[in-house]
Every structure is written in structure tokens, then in C-alpha cells.
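Engineer: Just a sequence and a predicted model for now, questions to come.
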2 protein chains.
Amino acid sequence: MEPDATLAFASHDHATCRETALAQAEAVARAQGLRLTPVRRRTLEILLEAHKALGAYDVLDRLAEEGFARQPPVAYRALDFLVEHGLAHRIRRLNAFAACLHPGEEHMPAFLICAECHALAEAPGVAVAEALQAAAASVGFDIERMNIEAVGLCPACRDSAA
Amino acid sequence: MEPDATLAFASHDHATCRETALAQAEAVARAQGLRLTPVRRRTLEILLEAHKALGAYDVLDRLAEEGFARQPPVAYRALDFLVEHGLAHRIRRLNAFAACLHPGEEHMPAFLICAECHALAEAPGVAVAEALQAAAASVGFDIERMNIEAVGLCPACRDSAA
DNA sequence: ATGAATATGTTATATCGTAACAAGTCAAGG
DNA sequence: CCTTGACTTGTTACGATATAACATATTCAT
């Protein structure tokens, strides 16, 4: 756990995208009448501050440092809530969670995970999702949720490998 | 674990597809000089016989019934070998493994998981994979492997829900 | 105020996966 | 043959991830 990686490949102002995402998340919560309680809000902030995928126990450690109980359900409940409402994503390949950078916006993220530096990017996956919907429809399957994840080399690591 | 589900939605002759897949797997092993040792072969057969996704410990239990040691590495090593060489797939959403039904054939499976009956289907995902490749390429990411998984309702469960 | 729904605290345990090292097997070259 | 190196398997021990279950507290609508 704890790779030192940026969440997106292109360099950008983390502070800004963090604040933007948090503001968007708050807007979503207000609009949908969600209760963004202290643990939940803090959990989201932790994910945004880390700016990478964190395991539930990493989140739990950070929560514990701030006075919340160090019990797995504390972290899992908050994380599950965020995922359920589209404020965070679960990355199955990593058994980890990452804040959603575009909460409320229509988007089906495809996750790109760098095998080398563990950077994680949320790529626009609408076209991918449509292709998958079509494939499912052709066999009569009705999709509710999907995970699209890829492992490979991010631009920086690909270049340094060459 | 242990849902009673078919691997594909359309009814078909399980015995035939099992034998076909096993024969294909053996051909792949011969062609690539892989050592399909007893544990490995038996593990593949177990997955094929189950005809659904099995957790590593389910596989381990079955192996143990046949005289292999009941130690996690026994199952994980065999399963990892099969996955590595394309004879089985790992379904991350289920923390489970399923035999590949088309070993050796060019195919990027997209997995469709029924939330109701836990049936699992391997849908043709070439179009999906291409869309994902394109999305990745647009940000300079080089894909090595990918997981495409969807949860929803299979035809039978969708109909009975209506 | 009060009951229903929701959220949190807490204990315990289930489930999934791997590190590390010893021992055995097997095939190819000397 | 027989040795040597690569691969495979046996075995112990543990680490990492996740959830069940129940008690308590808070919040919301009426």
C-alpha cells in the first residue's frame, strides 16, 4: 500500500481539483438529500487529499488519527456510502478506493492503473460503457453496474522504460 | 459462495462445452510447452465441472477431497498458473475464478454477473476492449491487461422480476 | 414528544491472499 | 549415468481485506 503516485497522469494543481471535487460532492449531497456526516465527509477529504487509491485500512488509520474509532466497519461504512452515491469509486484490482473527481457529472470512469508507479487515472469510459451495454444487450443481459479497469504503463513510465 | 448457477445464460450441453474447453486447454498447453501437472489439470477440471465462478478456497476444498494438501498456496498457485496462461479467468468482483471456455482463441471476455442467481457469462468483449484501448491511447497510456465486468440481471432473472 | 428510519459504536470473526523456505521432480548437457 | 539448474510442490505461518451481529445514539417527520 501507499505508493507515491499522482491520481492523473497530466500534471495539474491538486489543491484545485480537490476543492472542486469536494464542492461538487457537497452540491450532490445537498441536491439528493444525502447526509454527509463527519466521518463520511472526512473520509472523502482523506481520499481527495491522498489523491490516489487508498485501501480501507489506510483510510481507517487516517480516521483513527483524528479521533474516530479504529474499527473496520467505520471505514467500510463511510466508503460504501461514498461509492453508493457516486462520490468515490472502488478499484477492484487494487482492493482500494479513490475519490470521484467528477461527482454528479454523467461519466462512466474507466480506470487506468500504472503497473510501475501505481498512478491511477479516471479515463472517460462512455464509449466503452456503450460497447459493453451493446454486448450485454445482445445476450439479453441487463446491466446495473460495471467495472472497467486496465493495468499498463502510464506515459511517464512507458517513456522511462524505453 | 456456492450459488447454483449456470455459467452461460443460454441453455446448452455442459458436458460438451466442458470437454471442448479441456481439449482446447490441452492443445494450448502442448503448443506452448506448458506443464499441465496433476494439480493444475485437476484445478482446471474442477472449474469446468463447477461451470461457474469458484472462490480459491472452494477449489481448495475440492482438491483436498482428492488427496492434495489443504493449504491455500496449493490452490492459488494452480489458479494463478491457469490465469497466467489464459486457461482461466479471475473475476475480481467476486474474488473468484472461472475456467476459460475459449482457451487459445483470441478473445477479450467481458464478464456478466447476475446479481440475482449469480450466473456468470463470458461475453465477447472485443469491441469493448478496442474502445478502452482508444480511451487509454488518448491519454498516452499503454494497456497490458484489463478487466471488464458488469453486474446486472440475466435474461431469466430479468423476466421473472417483471 | 414519539416512533421509524438512519447512523454509529463495538466485538468478534469470516474470507481472501501471500511470504518464505524446505524438499522433491524433471529434463538437458557434460 | 549423473549432475546441475529450473521449475514445481509441501508446509508453516501470517497478513490483508471484509462483514455479521447487536447495542446505542441521533435525526427526521408527524
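Structural biologist: Structure's in. What do you need?
Engineer: from chain A, which residue is nearest to DNA strand C?
Structural biologist: A:T37 (3.2 Å; CB to the nearest atom of the strand). For the C-beta atoms, the positions are set from N, CA and C on the backbone; glycine is no exception.
Engineer: and the gap between that residue and DNA strand D?
Structural biologist: 8 Å (CB to the nearest atom of the strand, to the nearest Å).
Engineer: For the helix with the most length in chain A, which outside residues touch it?
Structural biologist: Identified as the longest helix of chain A according to DSSP state H is helix A:14-32. Contacts with helix A:14-32, where a contact means CB atoms under 8 Å, 6 or more residues apart in numbering or on different chains, come from A:6-7, A:34-36, A:44-45, A:48-49, A:51, A:85-87, A:99-105.
Engineer: State the distance from the residue of chain A closest to DNA strand C to A:E45.
Structural biologist: Distance, A:T37 to A:E45, using CB to CB, to the nearest Å: 13 Å.
Engineer: Neighbour count: the two, which is higher?
Structural biologist: Set A:T37 next to A:E45 and count neighbours by other CB atoms under 10 Å in any protein chain shown: A:E45 wins out with 16 against 11.
Engineer: give the contact list for that one.
Structural biologist: A:L22.
Engineer: Where does it sit: helix, strand or coil?
Structural biologist: Using DSSP: H, G, I helix; E, B strand; the rest coil, the structure places A:E45 in helix.
Engineer: confidence score at it?
Structural biologist: We have a pLDDT of 97 for A:E45.
Engineer: What parts of chain A come near DNA strand C?
Structural biologist: In this structure, chain A approaches DNA strand C at residues A:34-35, A:37-40, A:68-69, A:71-74, A:77-78, A:81, judged by CB under 7 Å from any atom of the strand.
Engineer: cutoff 10 Å now
Structural biologist: Counting by CB under 10 Å from any atom of the strand, the residues of chain A close to DNA strand C are A:33-43, A:63, A:67-78, A:81, A:84-85, A:92, A:95.
Engineer: Just the buried ones from the residues you listed, in ChimeraX syntax?
Structural biologist: The following ChimeraX line selects those of the residues of chain A next to DNA strand C that are buried, judged by 16 or more other CB atoms under 10 Å in any protein chain shown:
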select /A:34,36,39,40,41,42,43,63,68,74,75,78,81,85,92
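Engineer: out of the residues of chain A next to DNA strand C, who's near chain B?
Structural biologist: For chain B, the contacts drawn from the residues of chain A next to DNA strand C by CB under 8 Å from any CB of the partner chain are A:R92.
Engineer: Just say helix, strand or coil for the residue sitting nearest the centre point of chain A.
Structural biologist: Central residue of chain A (CA atoms, centre = their mean): A:A98, 2.7 Å from the mean position. Put simply, A:A98 is strand when judged by three-state DSSP.
Engineer: so what's it closest to, chain neighbours aside?
Structural biologist: A:A53 (4.4 Å; CB to CB, 6 or more residues apart in numbering or on different chains).
Engineer: what does A:A75 give?
Structural biologist: Closest residue to A:A75 apart from its sequence neighbours, by CB to CB, 6+ apart: A:L60 at 3.9 Å.
Engineer: burial measure for that neighbour, as a count.
Structural biologist: 24.
Engineer: all strands of chain A, in order?
Structural biologist: Taking DSSP state E as the criterion, chain A carries its strands at A:88-91, A:96-99, A:109-114, A:120-124, A:142-153.
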